[in-house]
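>>> Structure of the sequence below:
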Amino acid sequence: SAQIKSDYQAALSEGGEVGVEQGDLGQGFAAATTVVESEYWAPYLAHAPMEPMNALVRVGKDDAEVWSGTQMPQPMRGLVARHAGLSADKVTVHPVYMGGAFGRRSFMSHVIEATILAKETGEPIKVVWSRESDMQNGVYRPASLMTLKAGVDENGKISAWAAKRVGGNINPDMMRTMLPAVLPGLVPEGATNFVADIIESFNESWSIDSASIEGLCENYDFPNREARHVTVNHGLPLMFWRAVGHSFTAFAKEVMIDELAEQAKLDPVDFRIANTETNPRLQNVIRLAGERMKHLEVPAGHSLGFAAHGSFESDVAQVAQVSVDSGKIRVHKVVCVIDCGRAINPDIVKGQIEGSIMFGLTAALYGDIQLENGAVKESNFHNYPILRMNESPEVEVIIVKNDDAPTGAGEPGLPPIAPAVANAVYQATGQRLRSLPLTLA
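So this is what the prediction gives:
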């Protein structure tokens, strides 16, 4: 892991590929009275769903059946058809409830294993991965090293925003997974891998995987902005993780926003409101969360942090109430305001937000996949801990009434939680935490 981070540091000196470019950065920085530049780190993460990977497959002479919890029933059907030597219309999929997924159940090597064994033996085969097998031989959220340099003018407006991210890309590994599932069985594995290799080469040299920089220079009024990307791939298989790129870019962006506000001697909520004139829906949730923040009864020894982020077409602002005791960060309460369009079932929206916050807090406080001698060290929850019930904060969810078309609810609640907690820790201790998981010096 230390070598990977060192490689990322070295790659920061490269120009990289431009993914977003607008305005004139030179003019923006020239107009700035305050300039801040910082570096942010987010590690590899495992998905670690409660239910390990499993599948039951029966392969007959002319048909097949598969029982498994998956995020992608149709591609699963294609994988079984390919490895059973059947056409897809001869495969019956029995989707079952998933004991957690978060992107992990879109990667289905366990289904392939069960299919191959069922075909060879002529017997129904159930494959269940141990948690150790999944955590040490599964797929991971990419690690990211990000730099942000931003300027604020005399009117408190962000005049320049320059971002760079170094790390691996998700889409090439996703294509290696999906192409065999969606292309006809007559297309050999070698051909699908060839296509995936072309996509990876394209991402490294000519284009940018949008999932690698999404959210890094969005949401705010950035008249002069740029996002660059340098691909560094160490071969660890990468996959979508809850909130995808927003899960790490929001951390960098929202901690930087607080840093800018402080250096410009502006209130962090007011600063966000002033710089979201072109994004009224996000501005509204910031305003509502800020008003709720003013009325919170904060016990002695507790501090508040704020963050806001838009993702999956929804807008979210969060307030984290935090205490720090002997270096231990404890989150006591989270207020979350979400605008996700028309909430068809508010209870489901509330449940998704609560789950996103708990999942995000696990990553913010504990998540860290380490590699040693080319292998993942973590194996189970004893050394890859998750948030326990006695650590879980009270969560207050405020759903904005809106008759617009419904937008995301399962993922947008996650990105703001890590920066909200980091910003609260700064208020409590004066230490600015720019690396995940959040650890005090």
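
>>> On the three-state scheme, the residue lying farthest from the centre of the chain is what?
Residue farthest from the centre of the chain, counting by CA atoms, centre = their mean, is Lys61 at 42.6 Å. Under DSSP: H, G, I helix; E, B strand; the rest coil, the three-state class of Lys61 is coil.

>>> So it versus Pro124, what's the distance?
Using CB to CB, to the nearest Å, we find Lys61 at a distance of 14 Å from Pro124. Just so you know, the C-beta spots here come from the backbone N, C-alpha and C atoms, and that holds for glycine as well.

>>> Now the residue farthest from the centre of the chain: phi and psi?
When read as degrees, to the nearest 10, the backbone of Lys61 gives phi -70, psi -40.

>>> cool, Arg342 as well?
Main-chain dihedrals, Arg342, degrees, to the nearest 10: phi -70, psi 120.

>>> any idea how far Val349 is from it?
The gap separating Arg342 from Val349 is 10 Å, by CB to CB.

>>> can you pull the buried residues of the biggest helix by length in the chain?
Scanning the chain for the longest helix, with DSSP state H as the assignment, gives helix 346-365. Neighbour-count burial for helix 346-365 flags 349-350, 352-365 (criterion: 16 or more other CB atoms under 10 Å).

>>> Find the pair from those residues with maximum spatial separation.
Across those, no pair lies farther apart than Val349 and Leu365, at 24.5 Å, counting by CB to CB.

>>> Report the next helix or strand after the lowest-mean-pLDDT helix or strand in the chain in sequence order.
Sorting the helices and strands of the chain by mean pLDDT, DSSP states H and E puts helix 189-205 at the bottom, at a mean of 63. Sequence-wise, the next helix or strand downstream of helix 189-205 (DSSP states H and E) is helix 210-213.

>>> The longest helix of the chain - what's its average pLDDT?
The average pLDDT for helix 346-365 rounds to 98.

>>> Can you give me the neighbour number for Arg330?
14 (other CB atoms under 10 Å).

>>> Equivalent analysis for Phe251, please.
Phe251: 34 surrounding residues under other CB under 10 Å.

>>> From Pro412, how far out is it?
In terms of CB to CB, Phe251 sits 15 Å off from Pro412.

>>> can you check Arg281 too?
Per CB to CB, Arg281 is found 12 Å from Pro412.

>>> Same drill for these two, tell me which one is more crowded.
Pro412 (27 against 18).

>>> overlap in contacts of Arg281 and Pro412?
The contact sets of Arg281 and Pro412 overlap at 310, 315 (CB atoms under 8 Å, 6 or more residues apart in numbering).

>>> would you put the C-alpha positions of stretch 240-257 in PDB?
The C-alpha trace of stretch 240-257 is given here as PDB (Å, rounded to 0.1, in the frame of the first residue of the first chain):
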ATOM      1  CA  PHE A 240     -18.600   0.200  -8.600                       C
ATOM      2  CA  TRP A 241     -19.000   0.900  -4.900                       C
ATOM      3  CA  ARG A 242     -21.900   2.700  -3.300                       C
ATOM      4  CA  ALA A 243     -22.000   6.200  -4.800                       C
ATOM      5  CA  VAL A 244     -19.200   5.300  -7.200                       C
ATOM      6  CA  GLY A 245     -16.800   8.200  -7.800                       C
ATOM      7  CA  HIS A 246     -18.800  10.600  -5.600                       C
ATOM      8  CA  SER A 247     -17.800   8.400  -2.600                       C
ATOM      9  CA  PHE A 248     -14.300   9.900  -2.700                       C
ATOM     10  CA  THR A 249     -14.600  13.100  -4.800                       C
ATOM     11  CA  ALA A 250     -17.200  14.600  -2.400                       C
ATOM     12  CA  PHE A 251     -14.800  14.200   0.500                       C
ATOM     13  CA  ALA A 252     -12.100  16.200  -1.200                       C
ATOM     14  CA  LYS A 253     -14.500  18.900  -2.600                       C
ATOM     15  CA  GLU A 254     -16.400  19.500   0.600                       C
ATOM     16  CA  VAL A 255     -13.400  19.600   2.900                       C
ATOM     17  CA  MET A 256     -11.800  22.100   0.500                       C
ATOM     18  CA  ILE A 257     -15.000  24.200   0.500                       C
END
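
>>> So for it, mean pLDDT?
98.

>>> how about the strands in the stretch 101-250 of the chain?
125-128, 140-141, 144-152, 158-167, 225-231 (DSSP state E, counting those that start in this stretch).

>>> So which of the ones you listed is nearest Asn402?
Here strand 158-167 is closest among those (CB to CB), at 26.6 Å.
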